[in-house]
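Chemist: Model the following, please.
(chains A and B)
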Amino acid sequence: MTTAIFTKNLTRRFGQFVAVDHISFEVPTGQILGYLGPNGSGKTTTIRMLLGILHPSEGRAQVLGYDVISQSEQVRSNTGYMSQKFALYHDLTVWENLVFYAGMYGVREEKRIKEVLYELGLDEVQTQKAQNLSAGWRQRLALATAIVHHPKLLFLDEPTSGVDPLARRAFWDLIYSLSAQGITVMVTTHYMDEAEYCSLIGVMRAGRLLALDEPQRLKDSLPGQVWEVYVEPLLQALEAIENHPAVRHAGLASDHLRVITTERRSIEVIAKMLGEKNFQVQMIQPGITTIEDVFIALQ
Amino acid sequence: MAETLIRVREVTKNFGEVQALAGVSLWVGAGEIYGLVGPDGAGKTTLIRLICGALKLQAGSISLCGFDIVADTERARGQIGYLAQRSAVYEDLTVMENLKFFAEVRGLSKEQWAERCRWLLEFVGLAEFSGRMAGQLSGGMKQKLALAVALIHRPLVLLLDEPTTGVDPLTRLDFWRLLIRLVRDENLTVLLSTPYMDEAARCTRVGFLHKGHLICEGSPRELRSHLIGRVLELIGEPASLLINLAKADQQVEDVQRFGNSLHLRVQEGQAEMVIRRLEEAIVKAGGRVHRLRLVEPLLEDVFIVLSEG
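Modeler: Down below sits the predicted model:
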C-alpha cells in the first residue's frame, strides 16, 4: 500500500502563535480522511502546508511522494483543492469557469471539460452564470474546478458548509464515486454525520492532532457508556446531572440528553436522582457511540 | 393560548423574475423557539430579513408584538434582536466597546446599558474578555458577542439566520444552551433558520419552506409522526451491497446513509415484508445483517421526503 500523505512533526507558527504543533501522520492511498476540529484548531493551516502554499516552520511533509517544500509544483499539479469559500468567477458561466481553471492546470481538451460537467451533473446548468447558482450547485462547480486536471488527491476544506441536508448527501455521493476511482480525499467538516462516512478520522485541537484512526476504533476507545435520556424539562435536567461524579459528559442531543456515564450501572444512580428531583423521565436507553461523542470527549 | 409575538400574513417577495416567497403565513407565540428549515433557496433568509425590516415587503403584512412593520416601523423594530449568518461586530473595537456602540445606536443611555452590558457579558461567558479586541476572539466567542449585541436593548423577539452554520459541535451546543436559557429565564421568543436537523428537533415548532411556500408546519413530534412505521434502520456489510439490494426492492422508496447505518423509507404497511425479504436477499448475496428493524423517524427523514415533493 502506498502512502498518499506523510507528515513528520509538521509545525507552523505565526509569530508567537503555534497554529499547527508537531503533527505526524500517514494516510494510505485511496482513503477518505475526515479532519475534524474547532474553528482555529489548525485544520486549514495543515491543508495549506500540504498543498505547498504555506511553508512549515518545522518538520516535513510529503504528498503523493513529493516533498511539499522542494517539489511543491508537482504536489499542486497532482492534487485538487476546494477551499471554504468556493473561489469562482461570479460573472462567468459554469462552462467558462471550468475552462478557466482547466487552463490553469494546462488542460485544454474540451472533451475533459464535458466529461467533468457530465460526471458532476453540471451539464444542465453549464450556460448559467456562477452568481445565479444555488449554494449546492456552486459547491459542485467548485468541486469540478478541483478535479478537472485528474488529481490523485483531493483536499476539501469545509466543502459542505452552508448547503442543505439533501445537497450535502448528494455531495458525499460524489466524494464516494471519486474515491471509488482511487482518488485519496482529505476533507474537513463540522458535520459529525459526514465524519461517519470517512475511512479515517483525525481530530485536532489547538494545533495538536489528538487522534487519527478508523472511526470504529476511535469509538471503541471511548471510555464509558452512552445513554439517550428523554426527560423534561431538558435544560434543568442537564444542569442537575452534568456535574455528577458518575457522569463523564452530558449534553443536548436534538430533543433529549446524551449522557456518557463512567460505568454501565451508573445510569441507575442518575435515573434515581432525576426521579427524586421530580423530573419527568420518559425513557432511558443505551446509545450507540458516534463520532460526535468521540469529538466531544476529546475536546 | 400564548400571546402571538410574530404574525406573518400572506407575505410575497420577488427579486426580479424570481419569486422568493409566495404567500407565506405563520405566527410565533410567546416563549416559542420556531425553526425554519428547507432546501437552499427556499426563502428562509428572505423571510427573516423581511421580518427584521432589512427587506421591503411587497405584499402581505408582518406585525411584531402587535406593531405593524410598515405602519409602525420604529416600534416594531424596537422589539427585535437580529443575528445574521455572518455576524457584524467591529473587529477593531473591544468587546465592551462593541456593546456600548450598539447600545448607543439603539438610543440607550449609559444608565440603561452599563448594567445590561455587565449582565450580558456574564451571561454569554465573555466577562473576562471585555477589554479584548473583537478581532482577537475565536469564532465561537465572536458569535457570542454578536448574540450579546443583538440582546442589548432587551428585545422580546430574537431572529437568528443560521446562527450555527460553519461552527463546530461543541460551540453549537454552547450556543443552544444560551438560547434555551434566554427563552426560559428572559421570556424571549425565538425564530431561527437552521440546516441542522438535530437543532430543528429542539424547536417547539418547525416550519418547512420549499420554493417560497410554507408546505408543512408542526412540532418535531408531529412532523416525525407522518413517517411512523415507514423508516427502517439497516446496519451490516458490505455497505455497497446493502445499498444496491435495498434500492432494488420495489417497496423501498428511498435509501440514505445515516452515519454508519442506512435508513430505508418503505411504503405504508410494508415494513415487515421488506425486513423479511431484504434480510434473506442480503444473506443470500453473501452479505451480513447486524441490524434491520423499524425505527422512530428522524426529522432528517422528514426533511428528505419534503424536499423531494
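
Chemist: Send over stretch B:40-49 as CSV, restricted to the C-alpha atoms.
Modeler: This file holds the C-alpha atoms of stretch B:40-49, laid out as CSV (Å, rounded to 0.1, in the frame of the first residue of the first chain):
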residue,chain,number,x,y,z
ASP,B,40,-31.2,26.2,-0.1
GLY,B,41,-33.1,29.0,-1.9
ALA,B,42,-36.4,28.1,-0.3
GLY,B,43,-36.8,31.6,1.1
LYS,B,44,-35.6,31.2,4.7
THR,B,45,-33.2,34.1,4.8
THR,B,46,-35.6,36.3,2.8
LEU,B,47,-38.4,35.7,5.3
ILE,B,48,-36.2,36.5,8.2
ARG,B,49,-34.9,39.7,6.5
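
Chemist: who's in contact with it?
Modeler: For stretch B:40-49, contacts defined as CB atoms under 8 Å, 6 or more residues apart in numbering or on different chains pick out A:134-136, A:163-164, A:167, B:8, B:11, B:13, B:20-21, B:24, B:36-38, B:55, B:82, B:85, B:159-162, B:191, B:193, B:209-212. C-beta: built from backbone N, CA, C; applies to glycine.

Chemist: Taking the stretch 101-250 of chain A, what residue is nearest to chain B?
Modeler: Per CB to the nearest CB, A:Glu196 is where the stretch 101-250 of chain A lies closest to chain B, at 3.8 Å.

Chemist: Closest residue of the stretch 1-150 of chain B to chain A?
Modeler: B:Gly139 (3.7 Å).

Chemist: Sticking with A:Thr45, tell me its helix or strand.
Modeler: Here A:Thr45 sits within helix A:43-50, counting by DSSP states H and E.

Chemist: pretty sure A:Val18 is in contact with A:Thr11, am I right?
Modeler: Yes. Using CB atoms under 8 Å, A:Val18 makes contact with A:Thr11 at a distance of 7.0 Å.

Chemist: next structured bit after the particular helix or strand that has B:Leu209 in it?
Modeler: Using DSSP H and E, B:Leu209 falls within strand B:205-210. For strand B:205-210, the succeeding helix or strand toward the C-terminus, using DSSP H and E, is strand B:213-218.

Chemist: ok, how many other residues are close to B:Gly135?
Modeler: By other CB atoms under 10 Å in any protein chain shown, the residues close to B:Gly135 number 12.

Chemist: is it true that it lies in a helix?
Modeler: Yes. Assessed by DSSP: H, G, I helix; E, B strand; the rest coil, B:Gly135 belongs to a helix.

Chemist: SS state for the residue lying closest to it once chain neighbours are set aside?
Modeler: Closest residue in space to B:Gly135, ignoring its immediate chain neighbours: B:Glu91 at 3.3 Å, by CB to CB, 6 or more residues apart in numbering or on different chains. Three-state assignment for B:Glu91 (three-state DSSP): coil.

Chemist: B:Leu145 is in contact with B:Glu91, correct?
Modeler: No. Contact criterion CB under 8 Å: B:Glu91 and B:Leu145 do not qualify, at 10.4 Å.

Chemist: Starting from the helix or strand A:Met186 falls within, tell me which strands it pairs with and how they run.
Modeler: For A:Met186, the host element (DSSP H and E) is strand A:184-188. Sheet partners assigned to strand A:184-188 using DSSP bridges are listed as strand A:32-36 (parallel), strand A:153-157 (parallel).
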